[in-house]
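>>> Take a look and give me a structure for this.
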Amino acid sequence: MKKRQLALTLGSFITGIVILFSSCKKINESTELGGDLIPPIDNINTFDTTITVEAYNGLFMLGGTNPLLEDSTYGNYTDEQFLGVITHDPLFGRTDAEMYFELKPDHYKYTFLNKPDSLHIDSVVLVLDYLETYGDTTIPQTINVYEISSEFRVDTSYLVRRNNYFTTSTLLGSRTFKPENLKDSVAAYKDTTSRQLRIKLDNSFGQRLLDYDTAATPGHVDGYSSDSVFKTKFRGFALKSVAGGNAIMGFNLQGANTKLAIYYKDDNNGAPVEKWDTAVDYFIFKAPSSYGLAGSASHNSIKIDHSLTPLLAAQGGTTPDPLVYIQSTPGSFATLKIPALATLNNRVVHRAELIAEQVYDISDSTFHPPNFLFVDAYDPALSKHLLIPYDLQFDGTGALNLASFGINHINALDGSGNVVQTWKFNLTRYVQHVVNNTEPVYDLRLLAPFYLYDQYRIAAGSTATTQLISINPTLAKGRVRLAGNISTPSTPDPNPHRMRLRIIYSKL
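Coordinates of the predicted model:
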């Protein structure tokens, strides 16, 4: 787990650096391919050629027969947590995001102000630290808060794709709101700030928490002498979107605004109501890295239904797809085949780039593309996926050259004036080894992963090792439709924006 957190931190740093190099401009492949390091194309000493790329849509899944399609992404409390529902994305379908987590006292034995018999609940509010919204911020949706009634373990990792780990019982509270309003400031007792989701829970639940204060007072039971005792009284919250909405919202479990606020009054030993004292106590998310087994458990479930979408209709075919649908984890991918690459004779490869261009749809203004796309190779000798040989390398600090490889996009304008994104993946060294007959032609995979485990080897014949690679900063957020290819070697695709491999080379 610590290794993954380190990798995700490194990935976030790389993400920030890569974004600095993003630009918005017209694409001119002849002048920009490879920059000043590539000699000019004069068709005497330097040539270029474009090779057909066949793309085949595919979906990740759970419980299938092909282990290469199995999505085994696990969540972590350090990840951005998503909540809400995208009811209608015309290209990619429905997304349901649910949050499960524990909020606890910050220490044990825990007590509220004064004697339990003197305390009266005023209100209890679940507060979440809001980060962002992906989707339509103007459509209201309703979030229900339930109590988890089954085992919920802090020492267990949960698959992102699954939401059937737990059973729930009591409905504790509900709120309907527009995501756009989560940026507004709120004013509450000892808590005036912005970027909060606040859901008022039933007062009976709050009174129950007060009554757990001590077993020494008649009518009360011990709930706070230890973490193990507290877990027998309350196992956590389950949050689900139950009505409306066309967006998922991101929250930070470790943020200062994530807490359970318990507002109560002390009657000062039976004094008149106007003389009662007001107080607030907070239960918090306790990071397991700091609290160990006394930390808070969490699970973020992301379920995607692709029914009746172009993506579902396109995946699984045996002929190349004219449109390619890539969705962030836990979404989709495309298998890329470049059969003509095996027919190239030996030459000096100055630059080889796999080019993928977005095909604009009006829904892109609501559901934007992933931060980054990624390409790896399938090695049949290993029956596993492999980092592109030679073009993806770790440096002396352990960093992978993701930026120069091309995971970030270049913005451009399509023929209708819409801003679209293009990716150019640098496959130069790999293609050079292919034409030198020192590497085979692999099937490639195009995807937008949160993280993945790929094989890595320094050179042909060297031992491959498994590497954890962090690509996108979050789950769930981002999807894009790309141009595929309808061509065959005998009938080239006339679409200039088709997926393709462009090679700048010199003859030997």
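>>> switch to C-alpha atoms for all contacts and neighbour counts from now on
Fine.
>>> got the domain boundaries for this structure?
Taking automatic domain parsing as the domain assignment, the record places the domains of the chain at 2-73+306-506, 93-305.
>>> Now do Tyr291: how many residues are near it, please.
Look at Tyr291: counted by other C-alpha atoms under 10 Å, it has 11 neighbours.
>>> where does it fall, helix, sheet strand or coil?
Secondary structure state of Tyr291, per DSSP: H, G, I helix; E, B strand; the rest coil, is helix.
>>> just Pro389 next, same as before
Secondary structure state of Pro389, per three-state DSSP, is coil.
>>> and it, what pLDDT?
Note for Pro389: predicted pLDDT of 96.
>>> which residues sit in contact with it?
Residues touching Pro389, when contacts are defined by C-alpha atoms under 8 Å, 6 or more residues apart in numbering, comprise 429-430, 456-459.
>>> what's the distance between it and Asp48?
Pro389 sits 22 Å away from Asp48, going by C-alpha to C-alpha, to the nearest Å.
>>> residue boundaries of the strands in the stretch 301-450 of the chain?
All strands of the stretch 301-450 of the chain, identified by DSSP state E, counting those that start in this stretch, fall at 323-327, 332-337, 348-357, 374-379, 384-386, 410-413, 419-426, 443-447.
>>> export the ones you listed to TSV and tack on mean pLDDT, distance to Thr156 and mean neighbour count?
Formatted as TSV, the strands of the stretch 301-450 of the chain follow (pLDDT from 0 to 100; distance: least, C-alpha to C-alpha, whole Å; neighbours: other C-alpha atoms under 10 Å):
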stretch	mean pLDDT	distance to Thr156	mean neighbour count
strand 323-327	98	27	26
strand 332-337	97	26	23
strand 348-357	98	39	22
strand 374-379	98	29	21
strand 384-386	96	26	21
strand 410-413	93	40	18
strand 419-426	97	37	22
strand 443-447	98	27	21
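>>> Including distance to His220, could those go into CSV?
Output for these, formatted as CSV (distance: least, C-alpha to C-alpha, whole Å):
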stretch, distance to His220
strand 323-327, 51
strand 332-337, 52
strand 348-357, 65
strand 374-379, 57
strand 384-386, 58
strand 410-413, 63
strand 419-426, 62
strand 443-447, 55
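>>> out of the ones you listed, nearest to Glu54?
With respect to Glu54, and counting by C-alpha to C-alpha, the nearest of those is strand 332-337 at 5.0 Å.
>>> what packs against that closest one?
In terms of contacts (3 or more C-alpha pairs under 8 Å, 6 or more residues apart in numbering; DSSP states H and E), strand 332-337 is packed against strand 54-59, strand 323-327, strand 443-447.
>>> Take the ones you listed and write them to a markdown table, including distance to Ala243.
Supplementary listing: the helices and strands packed on strand 332-337 in a markdown table, determined by distance: least, C-alpha to C-alpha, whole Å:
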| stretch | distance to Ala243 |
| --- | --- |
| strand 54-59 | 27 |
| strand 323-327 | 24 |
| strand 443-447 | 31 |
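>>> mind checking which of those is nearest Val125?
Among the helices and strands packed on strand 332-337, the nearest to Val125 by C-alpha to C-alpha is strand 323-327 (34.9 Å).
>>> That closest one vs strand 348-357, what angle?
The directions of strand 323-327 and strand 348-357 differ by 80 degrees, with axes from the mean of the first three to the mean of the last three C-alpha atoms, to 10 degrees as the criterion.
>>> what sits against the residue nearest to Trp423 when sequence neighbours are not counted?
In space, not counting the residues next to it along the chain, Trp423 is nearest to His409; the distance is 4.8 Å by C-alpha to C-alpha, 6 or more residues apart in numbering. The neighbourhood of His409, defined by C-alpha under 8 Å, 6+ apart, consists of 22, 372, 421-424.
>>> For Leu373, see how far away His409 is.
8 Å.
>>> anything in contact with each of the two?
Among the neighbours of His409, those also in contact with Leu373 (C-alpha under 8 Å, 6+ apart) are Trp423.
>>> Check whether Leu68 sits in a helix, strand or coil.
For Leu68, the reduced secondary structure class is helix; criterion used: three-state DSSP.
>>> pretty sure it is touching Pro380, no?
No: if you go by C-alpha atoms under 8 Å, Leu68 and Pro380 don't touch, sitting 11.3 Å apart.
>>> Skipping its backbone neighbours, what lies nearest Leu344 in space?
Using C-alpha to C-alpha, 6+ apart and skipping the chain neighbours, the partner closest in space to Leu344 is Val435 (6.0 Å).
>>> List the contacts of that neighbour.
By C-alpha under 8 Å, 6+ apart, the residues touching Val435 are 341-342, 344-347.
>>> Out of the helices and strands packed on strand 332-337, which gets nearest to Pro496?
With C-alpha to C-alpha as the criterion, Pro496 lies closest to strand 323-327 of the helices and strands packed on strand 332-337, at 13.8 Å.
>>> From the contact counts, what lies against the closest one?
For strand 323-327, the contact count by 3+ C-alpha pairs under 8 Å, 6+ apart identifies strand 54-59, strand 332-337, strand 443-447, strand 479-483 as packing neighbours.
>>> Residues contacting it, please?
Outside of strand 323-327, the residues within contact range by C-alpha under 8 Å, 6+ apart are 55-57, 92, 311, 332-334, 370, 446-448, 476, 478-485.
>>> ditto for stretch 204-214
For stretch 204-214, the surrounding residues in contact (C-alpha under 8 Å, 6+ apart) are 110-112, 116, 119-121, 123-124, 172, 220-224, 262.
>>> And those residues, which is closest to Met99?
Proximity of the contacts of stretch 204-214 to Met99 (C-alpha to C-alpha) peaks at Leu172, which lies at 14.6 Å.
>>> Could you pull up the contacting residues of that closest one?
Leu172 sits next to 144-147, 201-202, 205 when contact means C-alpha under 8 Å, 6+ apart.
>>> So which of those residues sit within helices?
Phe205 (DSSP state H).
>>> what's the burial count for Ser185?
Ser185: 12 surrounding residues under other C-alpha under 10 Å.
>>> let me redo that: Leu402
24.
>>> Same question for Gly417.
8.
>>> Of the helices and strands packed on strand 332-337, which is nearest Asp305?
Using C-alpha to C-alpha, the nearest of the helices and strands packed on strand 332-337 to Asp305 is strand 54-59, at 11.1 Å.
>>> re the thing from before, so which of the contacts of stretch 204-214 sits lowest on pLDDT?
Summarising pLDDT for those: the lowest-scoring member is Pro116, with 67.
>>> for the longest strand along the chain, which positions count as buried?
Using DSSP state E to define each element, the chain has its longest strand at strand 119-148. Buried residues in strand 119-148, defined by neighbour count with 16 or more other C-alpha atoms under 10 Å: 119-121, 123-137, 140-148.
>>> helices and strands around it, which ones?
Contact here means 3+ C-alpha pairs under 8 Å, 6+ apart; on that basis strand 119-148 packs against strand 81-89, strand 168-177, strand 196-201, helix 203-211, strand 237-252, strand 259-266.
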